[in-house]
Every structure is written in C-alpha cells, then in structure tokens.
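Q: Quick check, what structure comes out for this input:
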Amino acid sequence: MFFRILSFLLLQIAGGLAGYWVSGAGLPHWGPFFGALAGGFAWLLIDAARGMRLMRWLQHGESTEIKLGYGFWSEVAERTRRQFRARERRVADGETKLQDFLAALQASPNGVVLLDASGRIEWFNQMAGQHFGFDARRDMLQHFGNLVRDPGFATYYTGHDFSHGLVMPGRESTGSKPVKLSVHLHPYGEGRNLLLSRDITAVEQAEAMRRDFVANVSHEIRTPLTVLAGFVETLQTLPLDEAERHSYLNLMSQQASRMQSLVNDLLTLSRLEGSPAPSGADLVDMVQLLQQCKQEAHQLSSLVWGKAQDIQFLISDAVAVTGSPTELHSAVANLIGNAIRYTPADKSIQVHWRKTADGLGELSVQDTGPGIAPEHIPRLTERFYRVDRSRSRDTGGTGLGLAIVKHVAQRHGAELLIESIPGRGSTFTLRFKAARLRLQ
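A: Purely as a prediction, here's the structure:
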C-alpha cells in the first residue's frame, strides 16, 4: 500500500514538474496543476490496466503465473496464486482420500450401493454388481427398484423401516441351487441411502445343516433309547424265563453298542473339525495298518453276517504315508466297514493299496453290493445321509462313516473318489499325493 501511494505521488509530482516546465507555452499559473492532474490520471490508467490484467487472469482461472511487477495488484495476484495452490492441494488431497475410500469399498467382501433420494444408483462396487447383476456403464443412475424386481425389497424400501435387514434371493438363485442375499439399507445425508448386501447362502446352508444334524442325532439316539427303555420296563414288570431274559439282554446290548458307536463317531468328527491338520512328521506304515484292518474286518463280518466274508487284501507296494495313524485307521476302517455292511455274505470285497504310475498312493475298497444310483453319489459324504436307511441301521451303521472319511482325506491332502454301478457294486478310493508317500 505504501508503494501504491508513493507511486501515485511521484507521478503527480512528475506531472506537476512537467507542467511547470511547459508553463512558458501560455499556461503560467495552471501548468503545474494540470500537469499533476495528468500524472494522477496516467497513474489511474496504468493501475486500471494492471487491475484488468489481474481480472482477466482470475476470470480464465489460469494456473500460470502473471507478472505485474510490484505494488498492490502484484500482492493481490501473489496472494490469490497462493490461495489457488492451497485449494488445488486440498482438492487433490480430497480426491486422493475419495479414491482411497472408494478402493476400500471396492475391496469390501460385502456389496455396497449408494442411492440418491429418488432411489437411483449413484455408485456401486464390484461385489454389488455380482450380487445384483449390475453393469457400471449401463445401470448407473438407474432406479434400483427397476433393476431388482423383488416384491420383498419393494415392500422393505417403501416401508422406510430400515432398523432391520431383508433376506432376498440373489440374481443367480435357482430352485436347485438357491442363493440368499442379506440386504440392509442405512439412511445418510439428505434422503440418501447406503445399501449393503451380503451373500449368506453358505451361512443359510450351514444353519440348515446344523438343524438337520441336531434332528438326525436326536432321532438316531432316541430309537435305541426307546428300545432300551422298553426292554428295561419289560424286565422290570413281566416274569420271564432265563431264555427270554437272555434274549432281551442281548438286544439291549446291541442297542447300547449302537449308541456307543454313534457317540464315538460324533466325537471323532468333532475332533477332526476342531484340531489342527496333522503334520508330516509322523509316518504311517500302510502295510501294518491294513493288517490291523484285516483282523477287524473279519470280526465285523462275522458279527454282521454270522460268518466271515471273502475279503481280499492286496498290497502291491510297501509305501508309507505321512500323517496321523489314528485318523488314517479310522478312514480305512470306515470304508471297509461300509463295504462289509452293504455286500451280501456270499459276495467278495477287495482292498487294494498301490502306488500308481504317476506316483500317487491309492487305497481302493471295492465291494460287490447293490451299488449306488448316480443321483446319490454327490451326497454320500453328508452326515447321516443314507441311500437305504433301514438297511444301514440293521447292519449297525451310524451314517457318519463317509463324513469321517471325507474329513480325514481333506486333512491329509487326499482325494476321495466314488464310483458305482447299480447292481454291480461300488469302489471307494483314497488317493494321496506323491509328496506324502515314503518308500519302506
């Protein structure tokens, strides 16, 4: 400001001196005055020109520097330029934070959709696009209700009660393969809504499996308990001879054994699901394990059918497997036990252990029973799933054997293969990776 006043005064003084110098031209008294006035006017023109340059620079919003020399307008330009730079930094920082925020939303395992006050889509992440089948180029700014035509969601949205979520079918949901989405709206801003979606298909399936599991366990235990209670009541109330008493006690012992087998299998499954995977430090001698299973198989066959079946154990290679001896014994014993229960007494069973040409360890149990229809094979490893419920119970099965085998296979990096031809028998194969094999 001082320079501005000083420059104005200097121009006036210069104009006055110039007027005084030219006063000999007939303006002896007014020469200095008009000279000073002309100097002030010149200063105003120069100052206005500099101001206009600054105004044009501001109007065009140019980021380049403007040279105005010194003085008031130069100071204004410099301060304005600093404000521009500060604003650009704030805008850049805000854009960076926005992109980071959107990247975080993109990485979210849940679907995220931003809706305006009219219910139109302002933004959505990739997971939401998968959940609802949205396309960023096609569906942006479209009304959500027009793209997702679900009556349940329409009622939920128009009700404006967003204190709870909504479960609705997903885009790829079919009768044979249902897909469930949990959708929840959260109001924010001026009438806007944040929609969060989550695929809960696995959760719903797990919950259904839990309910089925509890129901099946209750049913499986209730049946032998009912039989035991009936026989106990009979023994307590009716006069029985020695033969009848012995017969009832034998039946009670069978039912107690059945419950004990069920509880043991349940404990085995619980242990497999809750413990860490076995390390590769322990070495399981498969030849010795199969010899042990051979003795147990003949005992079980005699117990189930009253005589020993034709069970052949074929060991082609003396190869050991790294893993848990207890778990592998449980898996092999369950496979052989199933073959014994479903193979008639006059038919044969083959148990084969070998190393394949591609270096894999393969344990196969082949029976000559009734076989399994193709539609049952994918569900055989489910808990309590039986092709013939009455037959399995009659032979002492718990319905948990193949579920145990599947868990043991997964924990040992093995693969369980099931092949069956109705009327001709079935083959169950455990295939171990070459990294788990050791030559004896």
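Q: most centrally placed residue in the chain?
A: Closest to where the C-alpha atoms of the chain average out (CA atoms, centre = their mean) is P109, at 6.7 Å.
Q: which one is H164 nearest to, not counting chain neighbours?
A: Leaving aside its chain neighbours, H164 sits nearest to H184 (7.7 Å; criterion: CB to CB, 6 or more residues apart in numbering). The way it works is simple: take the backbone N, C-alpha and C, and place the C-beta from them, glycine included.
Q: Can you spell out which helices and strands pack onto the helix or strand harbouring that neighbour?
A: Using DSSP states H and E, H184 sits within strand 180-188. Applying 3 or more CB pairs under 8 Å, 6 or more residues apart in numbering; DSSP states H and E, one finds that strand 180-188 contacts helix 151-159, strand 166-169, strand 192-199.
Q: Highest mean neighbour count out of these?
A: Each of those was scored by mean neighbour count; the highest is strand 192-199, a mean of 19, by mean count of other CB atoms under 10 Å.
Q: Tell me the strands beside it, with direction?
A: Next to strand 192-199 in the sheet, as set by DSSP bridges, lie strand 111-115 (antiparallel), strand 180-188 (antiparallel).
Q: list the buried ones in the last one?
A: Yep, that's strand 180-188 we're talking about. By neighbour count with 16 or more other CB atoms under 10 Å, strand 180-188 contains the buried residues 180-185.
Q: Repeat that for stretch 358-371.
A: Residues 360-371 are the ones in stretch 358-371 that count as buried (16+ other CB under 10 Å).
Q: and that stretch, how far apart are its ends?
A: Taking CA to CA, to the nearest Å, stretch 358-371 runs 29 Å from one end to the other.
Q: Contacts for it next, please.
A: Stretch 358-371 is contacted from outside by 286, 319, 321, 332, 335-336, 338-339, 342-344, 347-356, 420-434, 436-437, using CB atoms under 8 Å, 6 or more residues apart in numbering.
Q: Kindly recompute the last result at 6 Å.
A: Here stretch 358-371 makes contact (CB atoms under 6 Å, 6 or more residues apart in numbering) with 319, 335-336, 339, 342-343, 347-356, 420-432, 434, 437.
Q: In strands, which of those appear?
A: Using DSSP state E, the members of the contacts of stretch 358-371 that fall in strands are 319, 348-355, 420-421, 425-432, 437.
Q: Pull out the buried members of the residues you listed.
A: Using 16+ other CB under 10 Å, the buried ones in the ones in strands among the contacts of stretch 358-371 are 319, 349-353, 355, 420, 425-430, 432, 437.
Q: From these, pick the one nearest R138.
A: Nearest to R138 among those is S420, at 47.5 Å by CB to CB.
Q: which residues pair with that closest one across the strands?
A: S426.
Q: so it sits right up against A373, yeah?
A: No - in this structure, S420 is not within contact of A373 by CB atoms under 6 Å, at 8.1 Å.
Q: Now do the helices in this protein.
A: Assigned by DSSP state H, the chain shows helices spanning 2-21, 31-60, 72-106, 126-132, 136-139, 144-147, 151-159, 201-237, 242-274, 286-305, 325-342, 389-394, 401-411.
Q: now the angle from the last one to strand 425-432?
A: Read that as helix 401-411. Interaxial angle of helix 401-411 relative to strand 425-432 (axes from the mean of the first three to the mean of the last three CA atoms, to 10 degrees): 20 degrees.
Q: domains of the chain?
A: 2-100, 109-199, 203-275, 276-439 (automatic domain parsing).
Q: Make JSON lines out of the strands paired with strand 192-199 and add distance to F213 and mean pLDDT.
A: Converted to JSON lines, those look like this (distance: least, CB to CB, whole Å; pLDDT from 0 to 100):
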{"stretch": "strand 111-115", "distance to F213": "30", "mean pLDDT": "92"}
{"stretch": "strand 180-188", "distance to F213": "19", "mean pLDDT": "92"}
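Q: Include distance to T223 when you put these into a markdown table, please.
A: Shown next, in a markdown table, are these (distance: least, CB to CB, whole Å):
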| stretch | distance to T223 |
| --- | --- |
| strand 111-115 | 45 |
| strand 180-188 | 33 |
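Q: Of the ones you listed, give the one that comes closest to E204.
A: strand 180-188 (4.9 Å).
Q: need the contact list for the nearest residue to D199 once chain neighbours are set aside.
A: Of all residues not flanking D199 in the chain, L181 sits nearest, at 6.1 Å (CB to CB, 6+ apart). Residues counted as contacts of L181 (CB under 6 Å, 6+ apart) are 131, 168, 170, 197.
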